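K.L.:
Prediction below, plus the sequence it came from.
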Amino acid sequence: MTSSDPINEPVVIIGAGPAGLACAAALRAKGIASVVFEKENHIASVWRHHYDRLHLHTHRLFSGLPGLAMPGSYPKYPSRLQVIEYLESYAKFHDIEPRLDCEVTSVTHADGWRVDTAKGTIHASHVVVATGIASNPNRPSWPGMEQFGGEILHSSAYKNPDGFHNKRVLVVGFGNSGGEIAIDLADQGVQTSLSVRGAVNVVPRDILGLPILAITIAQKYIPYKIADLLNGPILRLVVGDIEKLGLRKASKGPMAQVVEDGKIPLLDIGTLDRIRRGLVSIKPGIRQIGEKNVMFEDGSEDTFDAIVLATGFNPDLRHLVPNEARFLDADGVPTFSGPQSGGKGLYFCSFVASPTGQLRQIGIEAKQIAKAIAVERNAP
């Protein structure tokens with residue numbers, strides 16, 4: 001693109017995952033052209049790298065993106081492969097053709113936006129960063145970690161229990177990935193432990209057959225602390241006393257944890273059952289790692305053959321938008337997500353954890369961003 005007229009320049013979208021595709025579709029519905037760049041050679045790259053067992057933890061009825069619902073033939077909680085299939089059909093349905101294998105290296109503001117890629121430069125009227133919150137694995141370190149004789153891998157590299165049989169595996173982290181990977185290993189007879197450092201919240205995926213997400217959506221206009229008070233008794237009844245299982249209950253409720261800390265509570269799909277049955281043991285946070293053993297914060301230690309780091313992701317964007325640090329926090333994570341742009345046409349999509357489901361939130365933000373860009377482009 002060589003035109004200096006912002007109206008004739010496209011909107012650049014970085015990332016061809018759910019957020020990038022949803023933004024492209026929402027913009028298309030407004031009659032606005034966009035160019036989607038994807039550093040991998042296929043769309044939905046993060047979903048392709050997830051572990052085999054993964055299913056959506058949110059009901060398909062609340063997980064479709066703008067303009068195309070998930071197929072009614074899918075189960076309530078679609079599999080990883082079904083999500084990939086849906087995203088491929090979504091791109092085709094909306095006639096979205098991302099520029100694949102083309103990484104965006106930097107975005108700078110200069111009479112509009114200059115977007116440098118591995119294959120050249122393009123000028124854009126607006127830029128939407130839709131690389132998502134799972135683009136950069138967070139790998140913590142502990143003293144002695146380098147001398148560990150077994151395998152240490154991040155959950156993004158874990159696929160299935162193959163190769164872990166007859167081994168003792170420590171899964172670090174009590175988020176949804178850690179909880180499901182522990183199930184995956186334990187169900188195949190692998191000796192599995194979960195290292196849980198802090199206090200946690202656990203909510204059931206369904207209550208009396210009703211998705212917990214539907215309840216959360218119904219309560220979205222209720223102040224989150226009041227929602228926690230209302231839901232507390234039934235959650236205690238359904239989930240039970242997790243402290244009897246060696247877990248520490250968080251002092252704040254699940255909704256407060258999401259809103260105030262940006263942390264999604266464990267949506268239990270069977271992790272607590274495996275703990276109760278003795279198939280998964282609970283360990284404290286890690287203090288130090290030896291050649292074969294792990295020392296924990298309570299002074300205990302145990303031996304392991306492999307460690308899986310289900311420690312989340314850190315979407316640091318400082319390298320991508322080096323001159324826009326005011327839009328990022330100290331770790332390089334956007335301080336806002338959705339229709340706010342900072343007045344310069346730079347948007348971020350899906351960088352805030354949502355209690356009502358990330359795919360649903362992506363759809364909401366994509367529509368909001370498209371509306372905001374349409375207003376800006378039509379302004380005198």
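P.N.:
Arrived safely, thanks for sending.

K.L.:
which regions of the stretch 1-150 of the chain lie under the pLDDT threshold?
P.N.:
1-8 (pLDDT under 70).

K.L.:
let me redo that: the stretch 251-380 of the chain
P.N.:
Using pLDDT under 70, the stretch 251-380 of the chain drops low at 380.

K.L.:
burial count for residue 329?
P.N.:
10 (other Cβ atoms under 10 Å). No exception for glycine: its C-beta is placed from N, CA and C like everyone else's.

K.L.:
Distance of it relative to residue 335?
P.N.:
Applying Cβ to Cβ, to the nearest Å, the value for residue 329 to residue 335 is 5 Å.

K.L.:
Just want to check the distance between residue 122 and residue 25.
P.N.:
According to Cβ to Cβ, residue 122 and residue 25 sit 20 Å apart.

K.L.:
ok, these two, which is more surrounded?
P.N.:
residue 25 (24 against 19).

K.L.:
Pull the residues that contact the host helix or strand of the more buried one.
P.N.:
Using DSSP states H and E, residue 25 sits within helix 18-29. By Cβ atoms under 8 Å, 6 or more residues apart in numbering, the residues outside helix 18-29 that reach it are 11, 13-14, 33-34, 36, 38, 43-44, 65-68, 87, 90-91, 94-96, 98, 128, 130-132, 349-350, 359, 362-363, 365-367, 369-370, 373.

K.L.:
Let me see the ranges of the helices in the protein.
P.N.:
Applying DSSP state H to the chain gives helices spanning 18-29, 45-49, 80-93, 176-186, 212-218, 224-239, 254-261, 271-276, 358-378.

K.L.:
what helices or strands is the second one leaning on?
P.N.:
In terms of contacts (3 or more Cβ pairs under 8 Å, 6 or more residues apart in numbering; DSSP states H and E), helix 45-49 is packed against helix 80-93.

K.L.:
next one: the helix it packs on to chain centre, how far?
P.N.:
Centroid displacement of helix 80-93 relative to its chain, using Cα atoms, centre = their mean, to the nearest Å, is 17 Å.

K.L.:
if we can go back for a sec, mind putting the helices of the chain in TSV, distance to residue 311 included?
P.N.:
Output for these, formatted as TSV (distance: least, Cβ to Cβ, whole Å):
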stretch	distance to residue 311
helix 18-29	22
helix 45-49	16
helix 80-93	20
helix 176-186	8
helix 212-218	24
helix 224-239	24
helix 254-261	15
helix 271-276	16
helix 358-378	18
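
K.L.:
Among those helices, show me which one is buried the most.
P.N.:
helix 18-29 (a mean of 27; mean count of other Cβ atoms under 10 Å).

K.L.:
quick one, that helix and helix 358-378 angle?
P.N.:
40 degrees (axes from the mean of the first three to the mean of the last three Cα atoms, to 10 degrees).

K.L.:
Now helix 18-29 - C-alpha only, PDB.
P.N.:
Output of helix 18-29 as PDB, limited to C-alpha atoms (Å, rounded to 0.1, in the frame of the first residue of the first chain):
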ATOM      1  CA  PRO A  18     -10.100 -16.600  16.900                       C
ATOM      2  CA  ALA A  19      -9.600 -12.900  17.800                       C
ATOM      3  CA  GLY A  20      -8.000 -12.000  14.400                       C
ATOM      4  CA  LEU A  21     -10.600 -13.900  12.400                       C
ATOM      5  CA  ALA A  22     -13.500 -12.400  14.400                       C
ATOM      6  CA  CYS A  23     -12.200  -8.800  13.900                       C
ATOM      7  CA  ALA A  24     -11.800  -9.400  10.200                       C
ATOM      8  CA  ALA A  25     -15.400 -10.700   9.900                       C
ATOM      9  CA  ALA A  26     -16.800  -7.800  12.100                       C
ATOM     10  CA  LEU A  27     -14.900  -5.200   9.900                       C
ATOM     11  CA  ARG A  28     -16.100  -6.900   6.700                       C
ATOM     12  CA  ALA A  29     -19.700  -6.600   8.000                       C
END
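
K.L.:
For the stretch 1-150 of the chain, just list every one of the strands.
P.N.:
11-14, 34-37, 104-109, 113-117, 120-124, 126-129 (DSSP state E, counting those that start in this stretch).

K.L.:
mind giving me TSV with those strands and columns for distance to residue 231?
P.N.:
As requested, the strands of the stretch 1-150 of the chain are arranged in TSV below (distance: least, Cβ to Cβ, whole Å):
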stretch	distance to residue 231
strand 11-14	37
strand 34-37	39
strand 104-109	41
strand 113-117	43
strand 120-124	44
strand 126-129	34
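
K.L.:
Go ahead and confirm residue 135 touches residue 313.
P.N.:
Yes: using Cβ atoms under 8 Å, residue 135 is in contact with residue 313, at 6.7 Å.
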